[in-house]
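1. Task: produce atomic coordinates for the following.
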Amino acid sequence: MATAKLSAVRRNVRIAGLAVVGLFLAGAAATRSEAVSGTAQAGTSYGAKNACSCRFIAGRELSDCYRDFLPGMDFVWLSEDADDKSVTARVPLVASTTARWREGYGCVLESWEG
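-> Alright, predicted model coming up:
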């Protein structure tokens with residue numbers, strides 16, 4: 001009886017492992033799509049610039065800056081470097097853009113290669 005339970009557990013672990021690998025491969029394939037990567041780059045650029053302005057010009061908390069996002073930007077994550085006066089917006093595993101506050105210029109996007 002214990003052997004039957006053990007083999008059922010092993011089978012379930014294998015199935016779960018294959019499902020995780022399948023999801024990872026599907027996600028990796030999706031991130032290679034030009035449409036996905038281009039949209040993610042545009043979203044992170046918009047998010048970084050606006051969140052930098054929200055944070056370092058308007059003086060709002062970073063968590064409050066999500067309210068300024070457009071519909072559909074749920075996958076964009078923000079982080080800040082207060083010492084560097086910069087905000088980085090990311091779509092994990094796909095795109096990342098940083099905007100930095102510069103005296104006389106406001107918030108400026110860092111260069112990126114698409």
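2. tell me which residues of the longest strand seen in the chain are tucked away?
-> Counting by DSSP state E, the longest strand found in the chain is strand 95-102. Neighbour counts over strand 95-102 (16 or more other CB atoms under 10 Å) mark Ala95, Ser96, Thr97, Thr98, Ala99, Arg100, Trp101 as buried. No exception for glycine: its C-beta is placed from N, CA and C like everyone else's.
3. now stretch 38-55
-> Buried, per 16+ other CB under 10 Å, within stretch 38-55: 39-41, 43-55.
4. Now the buried residues of strand 95-102 in CSV, please, with extra columns for pLDDT.
-> Converted to CSV, those look like this (pLDDT from 0 to 100):
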residue, pLDDT
Ala95, 91
Ser96, 93
Thr97, 95
Thr98, 97
Ala99, 97
Arg100, 97
Trp101, 96
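5. of the residues you listed, closest to Arg67?
-> Ala99 (17.5 Å; CB to CB).
6. Now do the same contact list for the closest one.
-> Listed by CB atoms under 8 Å, 6 or more residues apart in numbering, the contact partners of Ala99 are Ala48, Lys49, Ala51, Cys52, Ser53, Ser86, Val87, Ala89, Cys107, Val108, Leu109, Glu110.
7. what are the phi and psi values for the last one?
-> Dihedral angles phi and psi of Glu110 (degrees, to the nearest 10) take the values phi -70, psi 160.
8. where do the helices sit along the protein?
-> Under the criterion DSSP state H, the chain contains helices at 2-31, 34-52, 62-65.
9. my guess is Ala48 meets Ala95, correct?
-> No. Taking CB atoms under 8 Å as the definition, Ala48 is not a contact partner of Ala95, at 10.3 Å.
10. hey, least reliable of the helices of the chain by pLDDT?
-> Across these, the stretch with the lowest average pLDDT is helix 2-31; it has a mean of 71.
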